[in-house]
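# Test case, fold it:
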Amino acid sequence: MSSELRLKKLRGSGGFVMAQVSDDQQRKGNLGGPDLFLAPIGRLDQEKISKYYCNTCEKDYDGSPKIEYESPNEEVAQNLILLERGQYICTTCGSTIAEYREFQKQNQQADVGLAKPISPSFDQPVTSAEPTVQPTTQPEIQTFSSPSDPQNSFSSIVGMSVYSSDAKKVGVAKQVGVNSSHQVVLIVTKNNGSDEIIEWSKIKKIGEIILLGDGTQSGTSSLKCSGCNYENKAGSKFCESCGNKL
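Residues are numbered from 1 along each chain as shown. Predicted coordinates for the structure are as follows:
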């Protein structure tokens with residue numbers, strides 16, 4: 001296996017960094033498309049970052065953004081420890097370039113269980129511009145929570161960070177269940193503390209984080225590659241991920 005470092009562009013919710021990364025780090029950052037993401041890679045050596053771009057400043061900067069992190073070592077779900085969480089921060093305006101979380105299973109052979117209540121962290125706003133509105137009626141959801149449940153393998157994603165297709169954090173995976181239409185859904189605790197129900201079909205990739213699709217994966221608006229299942233834009237003749245002819 002090659003240990004050679006390569007200069008790569010790593011996307012975040014508020015910009016990107018250019019950094020020298022290993023093959024293993026590239027695999028972590030590849031969530032099934034042409035772009036690499038910084039969140040699943042975690043904390044990089046600042047000396048490996050040559051430049052970064054801040055969306056707020058709309059400007060490139062030489063060197064590394066500021067990296068702030070903490071090591072809570074708290075249990076966020078059964079058999080899942082949050083080892084570290086951090087942010088890449090613009091040194092000029094203080095905006096967040098990217099954020100990450102590093103998890104570890106206490107027992108590598110066992111599944112992750114139910115999530116525990118997660119206290120607000122420095123990268124989750126205490127207040128939200130959108131007020132939390134609880135609907136008067138909630139769709140009926142049957143959740144998978146029993147250790148003897150045949151669908152208990154779904155519990156391994158509980159506690160994972162959920163990101164949109166443009167690398168913005170949506171929230172944290174809380175539970176998997178089935179709605180009244182017998183469709184599998186993911187229940188996500190959003191950054192403002194409210195819960196959102198996401199159809200399983202809208203999940204694009206599950207790795208060290210959960211990546212949602214861009215909402216165009218239906219009808220004739222996208223083309224799925226038969227080789228790697230990547231959703232390409234309508235009219236594409238070759239897969240943007242693996243290069244296969246569509």
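# After the helix or strand bottoming out on mean pLDDT in the chain, which helix or strand is next?
The weakest-scoring helix or strand in the chain, judged by mean pLDDT, DSSP states H and E, is strand 141-143 (a mean of 50). Toward the C-terminus, strand 141-143 is succeeded by strand 161-163 as the next helix or strand (DSSP states H and E).
# Partner strands of that next one, with direction?
The strands beside strand 161-163 in its sheet (DSSP bridges) come out as strand 169-179 (antiparallel), strand 210-212 (parallel).
# quick one: strands adjacent to the following helix or strand past the first one?
Helices and strands here follow DSSP H and E; after strand 169-179, the next one along the chain is strand 184-190. Partner strands for strand 184-190, per DSSP bridges, with pairing direction: strand 169-179 (antiparallel), strand 195-199 (antiparallel).
# Dump these to JSON lines, plus distance to residue 106.
C-beta here means a position set from N, CA and C on the backbone, and glycine is covered the same way. Converted to JSON lines, those look like this (distance: least, CB to CB, whole Å):
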{"stretch": "strand 169-179", "distance to residue 106": "18"}
{"stretch": "strand 195-199", "distance to residue 106": "26"}
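# Now mean neighbour count too, for these, in CSV please.
Below are the strands paired with strand 184-190 laid out as CSV (neighbours: other CB atoms under 10 Å):
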stretch, mean neighbour count
strand 169-179, 21
strand 195-199, 14
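# in the protein, what spans have low per-residue confidence?
Low-confidence segments of the chain (pLDDT under 70): 1-3, 112-156, 178-183, 214-222, 229, 232-235, 240-241.
# and if we set it to 50?
Counting by pLDDT under 50, the chain shows low-confidence ranges at 1, 117-139, 144-153, 216-221.
# Tell me where it has helices.
Assigned by DSSP state H, the helices in the chain fall at 23-29.
# My read is that residue 245 contacts residue 237, right?
Yes. Counting by CB atoms under 8 Å, residue 237 is a contact partner of residue 245 at 6.9 Å.
# how far does stretch 33-41 stretch from start to finish?
16 Å (CA to CA, to the nearest Å).
# ok so, going back, rebuild the strands paired with strand 161-163 as TSV, extending it with distance to residue 74.
Shown next, in TSV, are these (distance: least, CB to CB, whole Å):
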stretch	distance to residue 74
strand 169-179	13
strand 210-212	20
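# Residue 31 and residue 212 touch, don't they?
No. At 10.4 Å, residue 31 does not count as touching residue 212 under the criterion of CB under 8 Å.
# what residues are shared contacts of these two?
When contacts are counted by CB atoms under 8 Å, 6 or more residues apart in numbering, the set common to residue 31 and residue 212 consists of residue 204.
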